[in-house]
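> coords please:
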Amino acid sequence: MVKPPAPPVPGVAPVAAALPGALAMTFVGGSVAVSGLLADAALATTQALRYAVACLLLVVLARCTGRRLVRPRGAEWPWLLGVAVAGLVLFNVALVRGAGHAEPAVLGVAVACVPVVLALVGPALEGRRPSPAVLAAAAVVTAGAVLVQGLGRADAVGLAWALVVLACEAAFTLLAVPVLRRHGPWGVSVHATWLAAAVFAVLGVTTEGPAAVTGLRVPHLLAAGYLAVAVTAAAFVLWYSTVTRLGAGRAGLLTGLAPVAAAGTGVLLGGPAPAPAVWGGIAVVGAGLVLGLTPVGPARWWCRPTGRRRARRRPAAVRRAAR
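The predicted structure follows:
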């Protein structure tokens, strides 16, 4: 039986709770250049190797740090399998297939729409109503991410694959919400990675052949190793930690950092400086994050009444008694 999703952890400063997720999205955005090294590699075989290495690393680290990993049971299996199949396997396949019918910007815009989906659906899975403030922030972050990513051209097939990318990227977070309470970020990451490795291994053997692994060159292995360590093992745990502490809706705002990190990585690798529209998009993403992560209600510093204002708001009888 799946435990009800835990509500976001109270008493945690949103900015502090968002830092792991922000680092995870930085890893993801910075991996764009590395992923390009795998363009001519056997897709399923490479991904099977990547997720197998990530799972092994996660298990070793969990044992060394004393974190307890539990076996899935009952209704938890469909949720975890959904994370692996939709959030990892189908997502990677959609990116590759979609690239043949759409420019990268089109697929990037699809990913940029994830904050709105998470802001709408995430609270429902957690037994809450969507927050208007978070929805507004998600719309702002999405607009900024689209400016950073830019628009591209695509045919009907490319647009269909872009929708699949959007659905799979959202599923990676949403399908994990019901099992995060029992398994935690480490458990969900371990089970998702070994399931994805198993599915990709079957696909690799049946579509690419068992000998496909021998065709991987050193650059392929280095790229897969980086993706396994930084973009999978580290980023998964960091991301699910933020989802646990902030909730899926508010954590989803951080996905807007991925295209910003990709743009910054391109400059560091010798690419041209961002165009004015990209700088404007970065500013819009930042504004959306401030809007969504700033505490609401009287906790906002500009809403806190001064001592004089508090005195004026006291009932007249209390003020007379104080005299």
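> Show me the contact partners of the strand or helix carrying residue 120.
With elements delineated by DSSP states H and E, residue 120 resides in helix 114-125, which encompasses its position. Contacts with helix 114-125, where a contact means Cβ atoms under 8 Å, 6 or more residues apart in numbering, come from 5, 129-131, 134-135, 137-139, 141-142, 145, 166, 169-170, 173-174, 177-178, 247-253, 255-256, 288. Backbone N, C-alpha and C define where each C-beta goes, glycine included.
> give me every residue that touches the nearest residue in space to residue 82 that is not next to it in sequence.
Among residues not flanking residue 82 along the chain, residue 175 sits closest, at 4.2 Å (Cβ to Cβ, 6 or more residues apart in numbering). By Cβ under 8 Å, 6+ apart, the residues touching residue 175 are 79, 80, 82, 83, 86, 87.
> cool, residue 77 as well?
Counting by Cβ under 8 Å, 6+ apart, residue 77 has no contacts.
> Residue 263 contacts residue 277, correct?
No: the pair residue 263 and residue 277 does not pass the contact test of Cβ atoms under 8 Å, sitting 11.0 Å apart.
> hang on, the earlier thing: counting neighbours, which of the contacts of residue 175 comes out on top?
For those, neighbours were counted using other Cβ atoms under 10 Å, and residue 83 has the most, 27 neighbours in all.
> Go ahead and confirm that one touches residue 192.
Yes: the pair residue 83 and residue 192 qualifies as a contact (Cβ under 8 Å) at a distance of 4.6 Å.
> shared neighbours of those two, which are they?
residue 176.
> re the thing from before, so which of residue 263 and residue 277 has more stuff around it?
Of the pair residue 263 and residue 277, residue 263 is the one with more neighbours under other Cβ under 10 Å, namely 22 against 11.
> Point me to the helix or strand that includes the more buried one.
Assigned by DSSP H and E, residue 263 falls in helix 257-268.
> quick one: average pLDDT of that helix?
Mean pLDDT, helix 257-268: 80.
> Send over the helix or strand that it is followed by as PDB, restricted to the C-alpha atoms.
Heading C-terminal from helix 257-268, the first helix or strand you meet, by DSSP H and E, is helix 276-293. Output of helix 276-293 as PDB, limited to C-alpha atoms (Å, rounded to 0.1, in the frame of the first residue of the first chain):
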ATOM      1  CA  PRO A 276      20.100  40.500 -25.300                       C
ATOM      2  CA  ALA A 277      17.000  38.300 -25.400                       C
ATOM      3  CA  VAL A 278      18.800  35.600 -23.500                       C
ATOM      4  CA  TRP A 279      19.900  38.000 -20.800                       C
ATOM      5  CA  GLY A 280      16.300  39.200 -20.600                       C
ATOM      6  CA  GLY A 281      15.100  35.700 -20.200                       C
ATOM      7  CA  ILE A 282      17.600  35.000 -17.400                       C
ATOM      8  CA  ALA A 283      16.300  38.100 -15.600                       C
ATOM      9  CA  VAL A 284      12.700  36.900 -16.100                       C
ATOM     10  CA  VAL A 285      13.600  33.400 -14.700                       C
ATOM     11  CA  GLY A 286      15.200  35.100 -11.700                       C
ATOM     12  CA  ALA A 287      12.100  37.200 -11.100                       C
ATOM     13  CA  GLY A 288       9.900  34.100 -11.300                       C
ATOM     14  CA  LEU A 289      12.100  32.300  -8.700                       C
ATOM     15  CA  VAL A 290      11.900  35.300  -6.300                       C
ATOM     16  CA  LEU A 291       8.100  35.500  -6.700                       C
ATOM     17  CA  GLY A 292       7.700  31.700  -6.100                       C
ATOM     18  CA  LEU A 293      10.200  31.200  -3.300                       C
END
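> that older thread, which ones among the contacts of residue 175 are found in helices?
Judged by DSSP state H, helices contain the following of these: 79, 80, 82.
> how about the strands of the stretch 151-300 of the chain, start to end?
In order along the chain, the stretch 151-300 of the chain carries no strands (DSSP state E, counting those that start in this stretch).
> From residue 60, how far out is residue 292?
Applying Cβ to Cβ, to the nearest Å, the value for residue 292 to residue 60 is 36 Å.
> Also residue 92?
As defined by Cβ to Cβ, residue 92 lies at a distance of 24 Å from residue 60.
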